[in-house]
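Undergrad: structural data only, the sequence is not supplied:
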Ligand SMILES: Nc1ncnc2c1ncn2[C@@H]1O[C@H](COP(=O)(O)OP(=O)(O)OP(=O)(O)O)[C@@H](O)[C@H]1O
Ligand SMILES: Nc1ncnc2c1ncn2[C@@H]1O[C@H](COP(=O)(O)OP(=O)(O)OP(=O)(O)O)[C@@H](O)[C@H]1O
Ligand SMILES: [Mg+2]
Ligand SMILES: [Mg+2]
């Protein structure tokens, strides 16, 4: 019960930002890319609730518009990682043998590859766009999910109910999707909610390489990146995106905990 | 007997749990005494509050979500009022406890020795070396062979029975005044159960301690307890000397409980399996037990023919994991099973019963042998054929808790095979599910629930319903009732018998519970170290056991008759013989003798 | 006493023949003396060469070498050493100095302390080249021994000698006791530390871990000025900031901006160069429209830095037949550039240019620019002492870095002529004429000139910034 | 055990081969010409041609690959295009730095993440648990550069306790070496702590509800003894794999942190090499981190097995 309360708090936080992101075009806020040379790096005030940035743009409005890119970057790339990583982990863990050998080796190789290199390569390959940034982040987050899933599957596949599934004549796909997958989801959710944070921050470094949200369109990550240069002159430029990322991370983690419990009929 | 002051005196003990923000009372107004040297048993069906009572005495429940009221006097001190720190000095010292699950109650990553000597270091201020010496002594006392050398071994290197003995050693380490044993033998098979019970009795005499023994096995109660407390849904419904309770139990529930107890030898004179008498727990009125009609069809070819089945699990080690040996789990097993017949497969833990069942279904690949189902050679089937075959043979797994997917509603679980084998539409599948649920005595609207929302007995029935979904001809029932408590055990057995009668099913009934086997089977096969050492009609095997192992098995069964309480088995501390053989081991050729028609015994 | 200097990034190979980076040059300033140096007014002054003379219409250059100069390893620096070094620069396969010395036909010792350069054709820019890496004289023995690996243990004749280098961490030099002008060496040890993050650089300065930091960010200027322990100094460098328009480099040149100079002029007019300086550089930079800063004697005063004129820009657009124009602008992915490009993006939007920014890391930018895979590309030129170095190679038809592939015979003629003359007045005339053409064709849109900004601990005495951005340490002490 | 290790090392060979092919094909995959970046501002054509020849960049890729691999197996990783330094020597310079940073960061991550994780598990669903979660997650979401610079400003500039940046070899001046690493290691470790904390917590929750913990309580052990001796090691088991993963990540380089504190480690070198397309260096680093990664995993698995007696017999 208590647990669900915190899940609801998480849901509210995430929804709050999601709604902001979606409603950005209709909210009565300033144009996020309208520069104002007369209002450069102004501290929060009545006119600009969260202050202005290095080009005199309204930070509040940039935060709201940026929510879209950042949430997308966080959620979509994690989804990509899950959608690729989990099935491969499932196959490696379930079948063992050479599929496992191949998947594990490639996973290890990918893990050893610096993110930056993969990102540049993908940027060159796929061309610059937010979508491709998400793909890049997703792909580089994948190995962790493969490993995690594989490890879980190894323990779940020895459960009696898996043998039970075989005994009623189910095929491998059915067993994997209906018996194993639902029972390995808990740690995957924990990992996914943690990865959301990494992904949001990673988007910034990719936009820097020309792969993510391109200037002047805002994202929290790239706002942070810019703010880095004005840490002492305009601390609020760092503060707001920092706080937003923090809240979203908390939100997703609480939600993840709740989701994990909700997916587990024993906890409900 | 209780002339001296009691060691433990419980007054108005009530326990409640905080569930969904509300206090739910689970144990109410328990009052009882335990005198020095006395053994008191608490019996009752699953969920009646036995474990909660014992945990309350030890104050081992999570304080945040539980509330314990009343008075627990241990040698004049109220345990419930002690500060936690002092309570810690009581736990494991004055009162110690043995838990139900020997497999999980020991920390897997510490040595046995350390876990025992910890108690001595903690409570007796012994040095490491002293504790070690004392631990070895204790291990010897509980008859662990080579105690000194096994001090540094880990739990997984011990068999279940030995682990339970380790738990006992641990509990006895500080020479407690009171030992609380919560179902210490339920998970064990009869031979080991017998050993453990005897061990407790002997030690109790030597140390003069009192024992609070929790169980739902009336046979065990009869054998061990001086006095018995019967619990029913959180209430203490009856207390008295064991004999009183057994012979003159007043409460209807007590009588219901007793009548449900299968007694070995009670089937003498019956030709066919017989349903258990069912008593109404509130009125205590028995329903007449009905003898089942003859269902066996001997005229046709057996539905299942097993010939020279061998299953071995390779053991690999060394460089490149070369095979160095094998577990000979099933060795040259042959038998037939006729339509409508129940063949029981009995034997001690690890003798290969489950593996036999799984090999027949090719859930493990047998090493050699033939299995014919309705005349078709199961061993030659390809993947598709195998899937088809599995429509005809179904298995009910040993453990109802773990054999259902915890994240699938039972409705989905039951209709899944039906849908996957394309036997009908979704609607038909729903109808079938409802029908099956009712058939196994549940209601159709339970289909939406998840496995954890059912009791063990109900879950076992769900497993049965699922097995029936494909209208199989043969059901392999692996220890389907062993883990259930008496009343439910009776219900499930009755259910199986009913189903056999109405659907003409053949059962391969795997069990180590001899009393149940006697009641439900037509024929019995006794397995020992992977081989069938004796097989024959039930009456022949039970009344005239030939093989020494069969005899040992029979004698180990506790008899629910308090008058036999003094009787001791010869205590043996032999471990299970191992079915592990080195590479190149040739199983000896076995000779068999037919004692009477169909009753065959291995003679060498 | 030890002087600790924070550099913006790490140097590359420490071999004057091979090195390419700006920070490398900063280190050489302390380690390797050159034939000639430049002074505060960018005039060439003696260093290892005490005097020199041009003859035969600028085809022969004779230099007198300073007497009594020793290399760090004790070897004597004489004419032979100079010849060896110049030849090394011209012939070492790895040498990056070849193009700088491409006009040299022959170099020979005409006396123990006299060197003669014979040129293929008149090239007055040579002197300026010799004031930089091409003119740094290295110890012949060491250079021979180490060959291309000279950078691992460079031996020169500067005031400080090499001690050790840990990549990305530090370069340590110590006082050279036998330096020819050793009285001016007032510190015992110099350590260069690459610290890319400007905030961190300042923090190090404030905590006393650094004595001096180069290229601090403009946004920190104010706080440095207000810090009682620090001094702020800046100087406009010889380089420029510009945007290159793809005029004729491959298929992507085929776009309105590349084809129609009116659009380029409109683009340039839509930019408020002063505002950029204020917003991005806090007023420390200089607005500009030519390859030389307005303060330079080479600046063509007839083409003043234009103010922003949106109306005119729109007018030009209309003439070219456009209301709106989509343009893709690639730029290096550092924050200052990103900021600057966003400013420009929003400025030119008012004239109807719809600019899409494409941040690229530098290596990619470079290859895209060379390959012509861009429409508008933003990059900087660090600048050369001689005006030729800022313009010739960019816009002459065969220019080595003519990435815009601009080709105008008239411009070629003017710029080649400017090279040949030793008379500054003549040269200026030619450059002005070329500038007039270029300003009209506008293949390169110049934006302005970046400052070199320094923060120096008050403990450091006797230091002033040089217009070439180098950190000269003679006469500098630390109290 | 030696056999097990040997086997693991053998299967590492294909992994390394895959990685070497991956990393080698980068030359083709990444845009940007290494030679252009090397040629200097003037990009002299002759120099460019010379460099291409010198570094065999004109050879067909398979030949280049084989040449390179041939070098690698004989211990020659080529030279840096940028600085002419042998790659092996460069790695030799950076590796100790990176390892020191990684070890110290791991130390911080562990002393923050594990105790908080344990505490949160013991006090599950209380305000302590919630606070612990928030503290740990804030470590994950506070930007590294912000924390780093704030620390520099506070600890170095204001208080003058620690050097603001730089690096000193631990063999030359251990005290200063540790001092310069404290802040960067903390910044890095702090970010990892969240992951460690969340996983420790869930492992610990599972352990605390197990039967043998009830047994331990029934023996009269104090909560402290139970947590420290009976649960901790058990909960550590699943965390070990994670530790290896995290440590591997650290080896691969903590670019931003190294940059802020100007620590000459792998991360900075990788970034510089990637940005200047100094492929010999990139390849060397990636291979080296891959080996490190494989070793860490191996160590983790060995630790896992050693801590888990049930598995001990299997290897
Ligand atoms: N921690 C708890 N919180 C809430 N309810 C509990 C808790 N522990 C036990 N119960 C409930 O208390 C009741 C009594 O449980 P208890 O474990 O004492 O049964 P038992 O008699 O030991 O049964 P069994 O024979 O199956 O061991 C059950 O209904 C159970 O669901
Ligand atoms: N997959 C396996 N790999 C190796 N050995 C196995 C495997 N399955 C079972 N065994 C071994 O085969 C033997 C027979 O096991 P089986 O499960 O058939 O015993 P059982 O008679 O069903 O015992 P229980 O009454 O405890 O269920 C045991 O020694 C067991 O350890
Ligand atoms: Mg119980
Ligand atoms: Mg079994």
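TA: Cool, got the structure. These numbers come from a predicted model, not from an experiment. Numbers count the residues shown, from 1 in each chain, chains lettered A, B, ... in the order given. Ligands and ions are numbered 1, 2, ... in the order given.

Undergrad: which helix or strand contains residue B:331?
TA: Using DSSP states H and E, residue B:331 maps to strand B:322-337.

Undergrad: paired strands for that strand, with orientation please.
TA: Applying DSSP bridges, strand B:322-337 is found paired with strand B:304-317 (antiparallel), strand B:580-582 (antiparallel).

Undergrad: would you list every one of the helices in chain A?
TA: A:2-23, A:59-95, A:97-112, A:115-126, A:130-156, A:160-167, A:172-174, A:181-208, A:220-227, A:235-263 (DSSP state H).

Undergrad: chain center to stretch C:259-275, what's the gap?
TA: Using CA atoms, centre = their mean, to the nearest Å, the distance from the centre of stretch C:259-275 to the centre of the chain it belongs to is 25 Å.

Undergrad: model confidence over that stretch, on average?
TA: Averaged over stretch C:259-275, pLDDT sits at 94.

Undergrad: does it reach chain A?
TA: Yes - contact check for stretch C:259-275 against chain A, using CB under 8 Å from any CB of the partner chain: residues in range are residue C:275. Placement of C-beta: from N, CA and C, glycine included.

Undergrad: for ligand 1, what's its nearest residue on the stretch 101-250 of chain D.
TA: residue D:209 (10.3 Å; CB to the nearest ligand atom).

Undergrad: tell me, how many residues neighbour that residue?
TA: Applying other CB atoms under 10 Å in any protein chain shown, we find 12 residues neighbouring residue D:209.

Undergrad: how far away is it from residue A:156?
TA: In this structure, residue D:209 and residue A:156 are 19 Å apart, going by CB to CB, to the nearest Å.

Undergrad: just say helix, strand or coil for the residue nearest to residue D:156 when sequence neighbours are not counted.
TA: If you skip the residues right next to it in sequence, residue D:156 has residue D:164 as its closest partner in space, 3.8 Å away by CB to CB, 6 or more residues apart in numbering or on different chains. In terms of secondary structure, residue D:164 is coil; the call rests on DSSP: H, G, I helix; E, B strand; the rest coil.

Undergrad: okay, now residue D:164: neighbour count?
TA: By the criterion of other CB under 10 Å, residue D:164 has 29 neighbours.

Undergrad: quick check on it: phi, psi?
TA: With angles defined as degrees, to the nearest 10, residue D:164 shows backbone torsions of phi -70, psi -40.

Undergrad: cool, the one 5 residues further on as well?
TA: Phi and psi for residue D:169, reported as degrees, to the nearest 10, are phi -60, psi 140.

Undergrad: ok, the nearest residue to residue D:286 once chain neighbours are set aside to ligand 4 distance?
TA: Of all residues not flanking residue D:286 in the chain, residue D:23 sits nearest, at 4.5 Å (CB to CB, 6+ apart). Counting by CB to the ion, to the nearest Å, the gap from residue D:23 to ligand 4 is 51 Å.

Undergrad: tell me who's in contact with whatever residue of the stretch 201-350 of chain C ends up closest to ligand 1.
TA: Using CB to the nearest ligand atom, the closest approach of the stretch 201-350 of chain C to ligand 1 is made by residue C:203 at 55.2 Å. Applying CB atoms under 8 Å, 6 or more residues apart in numbering or on different chains, one finds that residue C:203 lies in contact with D:149, D:152, D:153, D:156, D:157, D:164, D:165.

Undergrad: among the helices of chain A, which is nearest residue D:268?
TA: Across those, the minimum distance to residue D:268, taken as CB to CB, is reached by helix A:115-126, at 11.5 Å.

Undergrad: give the buried residues for that closest one.
TA: A:115, A:116, A:117, A:118, A:119, A:120, A:121, A:122, A:123, A:124 (16 or more other CB atoms under 10 Å in any protein chain shown).

Undergrad: would you mind listing what in the stretch 1-150 of chain B touches ligand 1?
TA: The stretch 1-150 of chain B comes close to ligand 1 at residues B:17, B:19, B:26, B:44, B:46, B:47, B:48, B:49, B:50, B:51, B:52, as judged by CB under 6 Å from any ligand atom.
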